[in-house]
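> no sequence on this one, just coordinates:
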């Protein structure tokens, strides 16, 4: 009964307005990899056997991911998106009442799955600049019975990142499990994925939903030492990823050259987007702050966030409003240009 009350108290996820022509609200790639890879994907899907259950070991998928990420296949667990892996990890390595430490602001699903698994979710506020103070995280873990700490790096929604050496320092100086969600690390160069074999309390999460352009396929990966990986593979559903997703993903991951090209385009678009907003902030003081970004989106602070989001919707553009903040995904160059023109028009009238 107590768990039922907790579930009822959780906020329902309300997706952004998907009817807008230009969607800069969900941090997806603007490039459809199925379309770009064309015949490679069509051939792979056509050769798949939809009438048969997937290989429960997902050997082809795991091997394709191992080649793409340059890591041993023995250290990889595949999931139905990173969300499933977060839930499985918290439900596997923590017991009812155990403490999981999150930071705020950060991805809301960490706390959500913590509550669903009846864990004690503790949240450590970030600094005023929205950065994680790793020393404070270490101190909190040392002074409290924390069983796991989880955060995104780079961060969704702040667009900021923690450098590699600080993440490693955290993992080496706490006795609890450290889950580092690197969903946006493909737009930065501070990954700790190469440390999972040496550090037996580290799990790194990756997703195919951002730079790989496969958000609609729902695919994610957990990287960890052999012992953790064996446990994760044992407890997850044996058929958690569809045969068609596996076939398409394998074909796409083999086109790393194309993925890298799209990643570079997105990064450039983000830079243009951020600079354009900075230029507007010099003329329209409604925009209080434009944060640095090592992701595929830009994060800004403004007391007029709701009005700006509504005004952009009138221009058929959707962005993500989070209180007094706006999170704007980098789109194609054409989408970025149209967004900046629309934003200037909205700022001029509010």
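Ah, there it is. Computed from a prediction, not measured in an experiment: that's the story for all the values here.
> switch to C-alpha atoms for all contacts and neighbour counts from now on
Noted.
> Identify the residues contacting residue 345.
With contact set as C-alpha atoms under 8 Å, 6 or more residues apart in numbering, residue 345 has no partners.
> at 10 Å what do you get?
311-312, 315, 339 (C-alpha atoms under 10 Å, 6 or more residues apart in numbering).
> repeat for residue 162
Residue 162 sits in contact with 131-134, 152-155, 190-191, where contact means C-alpha under 10 Å, 6+ apart.
> Buried only: go through those residues for me.
The neighbour count (16 or more other C-alpha atoms under 10 Å) marks 131-132, 152-155, 190-191 as buried among the contacts of residue 162.
> picking up where we left off before, of the contacts of residue 345, which is the most crowded?
Using other C-alpha atoms under 10 Å as the neighbour test, the contacts of residue 345 are led by residue 339, with 26 neighbours.
> gap between that one and residue 297?
13 Å (C-alpha to C-alpha, to the nearest Å).
> can you list the weak-confidence ranges in this protein?
Within the chain, the stretches with pLDDT under 70 are 1-17.
> Where is the longest helix in it?
Longest helix of the chain, by residue count under DSSP state H: helix 256-283.
> Now do that one: which elements does it pack against?
helix 33-37, helix 59-69, helix 243-253, strand 287-290, strand 297-302, strand 325-329, helix 333-347 (3 or more C-alpha pairs under 10 Å, 6 or more residues apart in numbering; DSSP states H and E).
> Let me know which of the ones you listed is tucked in deepest.
strand 325-329 (a mean of 25; mean count of other C-alpha atoms under 10 Å).
> Adjacent strands (with direction) for that strand?
Paired neighbours of strand 325-329 in the sheet (DSSP bridges): strand 297-302 (antiparallel), strand 317-322 (antiparallel).
> Identify the residues contacting the nearest residue to residue 244 once chain neighbours are set aside.
Using C-alpha to C-alpha, 6 or more residues apart in numbering and skipping the chain neighbours, the partner closest in space to residue 244 is residue 45 (5.8 Å). By C-alpha under 10 Å, 6+ apart, the residues touching residue 45 are 39, 243-251.
> And the furthest pair within those residues?
Farthest-apart pair in the contacts of residue 45 is 39 and 243; separation 17.6 Å (C-alpha to C-alpha).
> quick revisit: nearest to residue 75, of the contacts of residue 345?
Using C-alpha to C-alpha, the contacts of residue 345 come closest to residue 75 at residue 339, 41.4 Å.
> What separation is there between that closest one and residue 20?
In terms of C-alpha to C-alpha, residue 339 sits 12 Å off from residue 20.
> Ok, residue 283 next?
Residue 283 is 27 Å from residue 20, by C-alpha to C-alpha.
> quick one: which of the two has more around it?
residue 20 (16 against 12).
> So the closest residue to residue 91 other than its chain neighbours versus residue 125, what's the distance?
Nearest non-adjacent residue to residue 91, counting by C-alpha to C-alpha, 6+ apart: residue 117, 5.9 Å away. Using C-alpha to C-alpha, residue 117 is found at 22 Å from residue 125.
> now do residue 257
39 Å.
> Of the two, which one has the most company?
Here residue 257 and residue 125 are compared on neighbour count by other C-alpha under 10 Å; more neighbours surround residue 125, at 16 against 10.
> dump the residue contacts of the more buried one.
With C-alpha under 10 Å, 6+ apart, residue 125 has these contacts: 102-106, 131-133, 137.
> domain assignment for this structure?
14-31+258-347, 55-241 (automatic domain parsing).
> I'd like those as TSV, with distance to residue 49 appended.
Converted to TSV, the domains of the chain look like this (distance: least, C-alpha to C-alpha, whole Å):
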stretch	distance to residue 49
domain 14-31+258-347	26
domain 55-241	11
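> Between residue 339 and residue 20, which contacts overlap?
Shared contacts of residue 339 and residue 20, counting by C-alpha under 10 Å, 6+ apart, come down to 312, 315-319.
> farthest pair in those?
315 and 319, at 11.3 Å, using C-alpha to C-alpha across the shared contacts of residue 339 and residue 20.
> any common contacting residues for the two?
20, 22, 309, 339.
> Using a markdown table, please lay out these together with secondary structure.
Shown next, in a markdown table, are those (DSSP: H, G, I helix; E, B strand; the rest coil):
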| residue | secondary structure |
| --- | --- |
| 20 | coil |
| 22 | strand |
| 309 | helix |
| 339 | helix |
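> got JSON lines for the residues you listed, with distance to residue 34 too?
Shown next, in JSON lines, are the shared contacts of residue 315 and residue 319 (distance: C-alpha to C-alpha, whole Å):
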{"residue": "20", "distance to residue 34": "22"}
{"residue": "22", "distance to residue 34": "20"}
{"residue": "309", "distance to residue 34": "30"}
{"residue": "339", "distance to residue 34": "26"}
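> Closest one to residue 302 out of those residues, please.
residue 309 (10.9 Å).
> Is it correct that that closest one is in contact with residue 339?
No - Residue 309 lies out of contact with residue 339 (C-alpha atoms under 10 Å); the separation is 11.4 Å.
> anything in contact with each of the two?
With C-alpha under 10 Å, 6+ apart as the test, residue 309 and residue 339 both reach 315, 317-319.
> Name the member of those with the most neighbours.
Most crowded among the shared contacts of residue 309 and residue 339, counting by other C-alpha under 10 Å, is residue 318 at 26 neighbours.
> which phi and psi does the nearest residue to it once chain neighbours are set aside have?
Among residues not flanking residue 318 along the chain, residue 23 sits closest, at 5.1 Å (C-alpha to C-alpha, 6+ apart). With angles defined as degrees, to the nearest 10, residue 23 sits at phi -110, psi 110.
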